[in-house]
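Q: for reference, the sequence and a predicted model appear below.
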Amino acid sequence: MKSLFRFGTGERQLLISEDLNKNNFDLLRFLLATSVIYSHCFVLYHGVVQDTEPFKIFTLNQYDLGGVAVSFFFVISGFLIVRSFVHSINVYEYLIKRILRIVPGFFAAFLFSVVIAGYISTIDVAHKFGDPAYFWGRLQPKRLILEIFTFDAPRAARLFEHNPMLNRVNSALWTIQFEVICYLLVPLFGLVAMAQRKWLSVVLFLGSFITLLLQELHVITIHNNMQRVFLLYASELPRLAAAFFAGSVCYFYRDVVPRSVVLAVLSVALFLFASWWMKIFNIVMPVAGAYLVFYFAYHPHIRFYDFAKKGDLSYGLYLYGWPIQQMVVHWFYPYLGAHRLFFIAYPLAYIAAFLSWHFLESPFLKKKSQIKKLLARIRKTTPNNHKEALDETSRAAIINKVGT
């Protein structure tokens, strides 16, 4: 059995290397964001994803490529976000870092989708410069304010009325709300304590995974409700939480999980089995998917460590892909197909992501250097925080134990 865990040199290797900074996460996230845009081309052009999107067909209409990519995103987040929390001075630093990374890009994309893309959808032969009255009449301002501050998709902008996916200016944004929920769960459950009691991360994973399993077996039912003001797609929470906590488990047990070609092949085989025979793709995803994510991210012979050196465009691609695709469909639908839509919209989304990174996301992230000064003031007035109980010796011991 030991031979199963040998790779190349004959010595046992770990799935995740000791140097956590040498990874392919930037490349992987870029490919996942690209996959989301590609997958959305089919639903935006055809109006349905059943029997149109290639991966959906491949999995016998179980799941589309965009949904799989989102699950992989959450696996990566579970790993990186817990790591970020463990190495934050306190909750304030952790939350400020999350805010600087998520909020500016989301707010800008939300407003772009509603105001710019939405208004462009009113331009037609009869209204060469758009129809302001019609545009404002299709908005629900109070609902939009609620949606932007709960990190939801802008459903209250009922525009692109003549597109196959009508009244959806940027449906891709719904996952950001779930991402934020997972960010808040980390300090809520105090995952830093798992440096000493790592099994707690397994408990959280099993809780979400068992909920997912019961949901997939139709033992329990979690309903979506478009009339709710929060968690409209509540049925997706077990799937995404299971993926997130799978990544967290991999972080805490990275000194245990082995790197094995055999396990990687078995993971792929399990995906094929779940796609074609048992139709249990969602159940397989958190385990087999997480293994494959880290197998690629820390592969010793795949070294794209500086892929995002000139800009991390994955977030921008995800944020702006949908509204740009909708605009292309609005203008050129008679001349398009799903693949032609991709080759037209993707370069435009890339440009939007480039501008978002260099003029919005990156400038805000550079403000992290000011966090220590802010925290110094906060700690003087608010001594109680999630790490007050740890003296400097204990803190150093925990950081040495969980890695840098």
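A: On my side now, so go ahead.
Q: any weak-confidence spans in the stretch 301-404 of the chain?
A: 371-404 (pLDDT under 70).
Q: now with 90, please.
A: The model of the stretch 301-404 of the chain has pLDDT under 90 over residues 309-310, 366-404.
Q: now do the helices in it.
A: Remark: helices assigned in the stretch 301-404 of the chain by DSSP state H, counting those that start in this stretch are 314-332, 338-356, 362-365, 371-381, 392-402.
Q: buried ones in the first one?
A: This points to helix 314-332. Buried residues in helix 314-332, counted by 16 or more other C-beta atoms under 10 Å: 314-330. From N, CA and C alone the C-beta is placed, and that goes for glycine too.
Q: what's the helix or strand for the residue nearest in space to the middle of the chain?
A: Against the mean C-alpha coordinate of the chain, by C-alpha atoms, centre = their mean, the closest residue is Phe73 at 3.9 Å. Phe73 belongs to helix 65-86 when elements are defined using DSSP states H and E.
Q: can you name the element that comes right after that helix?
A: Next along from helix 65-86, by DSSP H and E: helix 91-111.
Q: helix or strand right after that next one?
A: helix 118-120.
Q: let me know the average pLDDT across that following helix.
A: The pLDDT scores in helix 118-120 average 95.
Q: and the helix or strand following that helix, what does it pack against?
A: Where DSSP H and E defines the elements, the next helix or strand beyond helix 118-120 is helix 132-137. Contacts defined by 3 or more C-beta pairs under 8 Å, 6 or more residues apart in numbering; DSSP states H and E place helix 132-137 against helix 118-120.
Q: ok, 7 Å please
A: Contacting helix 132-137 under the criterion 3 or more C-beta pairs under 7 Å, 6 or more residues apart in numbering; DSSP states H and E is no other helix or strand.
Q: related to what we said a few turns ago, residues contacting the residue nearest to the centre of the chain?
A: 29, 32 (C-beta atoms under 7 Å, 6 or more residues apart in numbering).
Q: repeat for His299
A: Asn24.
Q: buried set for stretch 140-153?
A: Going by 16+ other C-beta under 10 Å, stretch 140-153 has these buried residues: 144, 147-148, 151-153.
Q: same thing with stretch 266-275?
A: Neighbour-count burial for stretch 266-275 [16+ other C-beta under 10 Å]: 267, 270-271, 273-275.
Q: nearest to Thr52, out of those residues: which one, please.
A: The closest of the buried residues of stretch 266-275 to Thr52 turns out to be Ser275 (C-beta to C-beta; 17.0 Å).
Q: what pLDDT does the nearest residue to that closest one once chain neighbours are set aside get?
A: Nearest non-adjacent residue to Ser275, counting by C-beta to C-beta, 6 or more residues apart in numbering: Thr59, 4.3 Å away. Listed pLDDT for Thr59 reads 89.
Q: and the gap between Thr59 and Gly66?
A: Counting by C-beta to C-beta, to the nearest Å, the gap from Thr59 to Gly66 is 12 Å.
Q: try Ile37
A: Look at Ile37 and Gly66: by C-beta to C-beta, they are 8 Å apart.
Q: related to what we said a few turns ago, the residue nearest to Ser275: neighbour count?
A: Neighbourhood size, Thr59 [other C-beta atoms under 10 Å]: 21.
Q: surely it touches Ile280?
A: No. Taking C-beta atoms under 7 Å as the definition, Thr59 is not a contact partner of Ile280, at 10.6 Å.
Q: how about the closest residue to Phe25 other than its chain neighbours, phi and psi?
A: Nearest residue to Phe25, sequence neighbours excluded (C-beta to C-beta, 6+ apart): Ala297, at 5.4 Å. For Ala297, the backbone dihedrals are phi -60, psi -30 (criterion: degrees, to the nearest 10).
Q: Leu139 now?
A: Phi and psi for Leu139, reported as degrees, to the nearest 10, are phi -100, psi 150.
Q: show me the contacts for it.
A: For Leu139, the contact set (C-beta under 7 Å, 6+ apart) comprises 156-157.
Q: for it, name its beta-bridge partners.
A: Under DSSP bridges, the beta-bridge partners of Leu139 are Ala157.
Q: that one and Ile145: what is the separation?
A: Taking C-beta to C-beta, one finds Leu139 at 11 Å from Ile145.
Q: repeat for Glu161
A: Taking C-beta to C-beta, one finds Glu161 at 22 Å from Ile145.
Q: His218 now?
A: Taking C-beta to C-beta, one finds His218 at 37 Å from Ile145.
Q: for the residue nearest to Phe25, which residues are in contact?
A: Contact analysis of Ala297 by C-beta under 7 Å, 6+ apart lists 23-25, 28.
Q: before we move on, what about Arg254?
A: With C-beta under 7 Å, 6+ apart, Arg254 has these contacts: 14, 16.
Q: helix or strand for it, which one?
A: Short version, using DSSP H and E: Arg254 is in no helix or strand.
Q: with Phe55 as the reference, measure out to it.
A: Taking C-beta to C-beta, one finds Arg254 at 29 Å from Phe55.
Q: again with Phe135
A: Distance of Phe135 to Phe55, computed by C-beta to C-beta: 35 Å.
Q: same question for Leu237.
A: Applying C-beta to C-beta, the value for Leu237 to Phe55 is 22 Å.
Q: does the closest residue to Thr221 other than its chain neighbours belong to a helix, a strand or coil?
A: Leaving aside its chain neighbours, Thr221 sits nearest to Gln215 (7.3 Å; criterion: C-beta to C-beta, 6+ apart). Secondary structure assignment for Gln215 (DSSP: H, G, I helix; E, B strand; the rest coil): helix.
Q: helix/strand/coil for Phe294?
A: At Phe294 the chain is in helix, as set by three-state DSSP.
Q: just checking, it touches Ser17?
A: No. Using C-beta under 7 Å, Phe294 is not in contact with Ser17, being 9.8 Å away.
Q: the two: who's more crowded?
A: Phe294 (27 against 17).
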